[in-house]
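Enquirer: build me a model:
(one chain, ligands or ions: 1)
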Amino acid sequence: MTTLETFDLRIEDSIAWVYFNRPERANALNQKAWDEMKVLFEELDDNNDVRVIILSGHGKHFCAGIDLELLMNVAQFSQPCEGRKREQLRKKILALQAPINAIEQCSKPVIAAIKGGCIGGGVDIISACDMRYCTDDAYFTIKEIDMGMVADLGTLQRLPKIIPPGIAREMAYTGRNVTGLEAERIGLVNRTFASAEEMYTEVMKVAQQIASKSPLSIRGTKAILNHSRDHSVADGLDYMATWNAAMLLSDDLMEAFQAKMQKRPAVYK
Ligand SMILES: C/C=C/C(=O)SCCNC(=O)CCNC(=O)[C@H](O)C(C)(C)COP(=O)(O)OP(=O)(O)OC[C@H]1O[C@@H](n2cnc3c(N)ncnc32)[C@H](O)[C@@H]1OP(=O)(O)O
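Expert: Numbering: from 1, shown residues only. This is a model prediction of the structure:
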């Protein structure tokens, strides 16, 4: 696994704990962090020792979004030509989207465990995760509107498919803070907790349950859920049939049947 500067990674019992690790900057994401996030999630995708990932932040906040220094420098170009400048800027934006796409495309479920602020890019990131849990005092802010910009790293595409679209729009237009308790009410997070310790304990229990299942089936379930979100029911069912025609007859299926017959828990490789 690559040596990390802006993340802390711990792998234990098939669960990868990934922490943003710039607490002195409220876990704001500098260029190094964006670069590391992409490589990290691609490597976790390939790592057979990992079945589920928990994403959290060291320190007081989950993530303060893009590092403002990086945001200020994003409009520096090596080209004088306007067309080429715009082409460079487009490439830079796509390059910032890629690490967040890597979370969504990671074949293992990614669970966000959020405390403190989850701001701007932080909301882009949790919108790409499979599930979200937070502390009561966490808060979520689509801050881009107050920076005079359109949120461009996935919030506007993914969030309205997680929470009611009208509430996503209200958050995006007003930039107001949504607290942990409201986040639970609108379905942004699955549950809130009085303390971070309680959250980590309960989130680990969910992760352990996922890790005990057939890894092939969990990866298939994530791929199918992602596909269904972006396609019609008819297209989704057609894709599903092809998927299971390819993946159903697995060692995991045999192990599940044998375990049931032998009245023991299934153990998957
Ligand atoms: C495409 C993506 C776009 C976006 O992501 S737009 C959103 C950009 N993010 C923001 O606008 C957030 C700005 N930060 C804040 O509002 C506050 O901070 C917090 C609410 C996150 C935390 O407040 P508190 O708990 O009082 O801590 P503190 O003393 O303000 O912050 C600790 C240190 O972290 C630095 N910091 C915080 N956020 C960022 C950031 N986004 N980029 C760079 N540095 C940041 C501060 O300056 C400070 O540093 P020092 O101790 O040297 O004063």
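Enquirer: got the contact list for the residue positioned nearest the centre of the chain?
Expert: Residue closest to the average C-alpha location in the chain (C-alpha atoms, centre = their mean): Cys129, at 2.6 Å. Going by C-beta atoms under 8 Å, 6 or more residues apart in numbering, Cys129 touches 55, 103, 110-112. The C-beta positions use only the backbone N, C-alpha and C, and glycine is treated the same way.
Enquirer: tell me the one of those residues nearest Arg86?
Expert: Within the contacts of Cys129, proximity to Arg86 (C-beta to C-beta) peaks at Ile103, which comes in at 27.5 Å.
Enquirer: excluding sequence neighbours, find me the nearest residue to that closest one.
Expert: Residue nearest to Ile103 in three dimensions, not counting chain neighbours: Ala128, with 4.4 Å by C-beta to C-beta, 6 or more residues apart in numbering.
Enquirer: which element is the closest residue to the ligand within the stretch 151-269 of the chain on?
Expert: Nearest residue of the stretch 151-269 of the chain to the ligand, counting by C-beta to the nearest ligand atom: Leu153, 5.1 Å away. Take DSSP states H and E as the rule and Leu153 turns out to sit in neither a helix nor a strand.
Enquirer: skip the chain neighbours and tell me the closest residue to it.
Expert: The shortest distance from Leu153 to any non-neighbouring residue, by C-beta to C-beta, 6+ apart, is to Asp124 (3.9 Å).
Enquirer: quick check, that neighbour in contact with Ala151.
Expert: Yes. Because the distance of 6.9 Å satisfies C-beta atoms under 8 Å, Asp124 is recorded as touching Ala151.
Enquirer: up against the ligand, what does the stretch 1-150 of the chain have?
Expert: 25-26, 28, 60-61, 64-68, 117, 119-121, 143-144, 147 (C-beta under 6 Å from any ligand atom).
Enquirer: could you rerun that using 8 Å?
Expert: Within the stretch 1-150 of the chain, the positions lying close to the ligand (C-beta under 8 Å from any ligand atom) are 24-26, 28-30, 60-61, 64-71, 96, 116-117, 119-122, 124, 141, 143-144, 146-147, 149.
Enquirer: mind listing which of these are in helices?
Expert: Among these, DSSP state H puts 68-71, 96, 121-122, 124 in helices.
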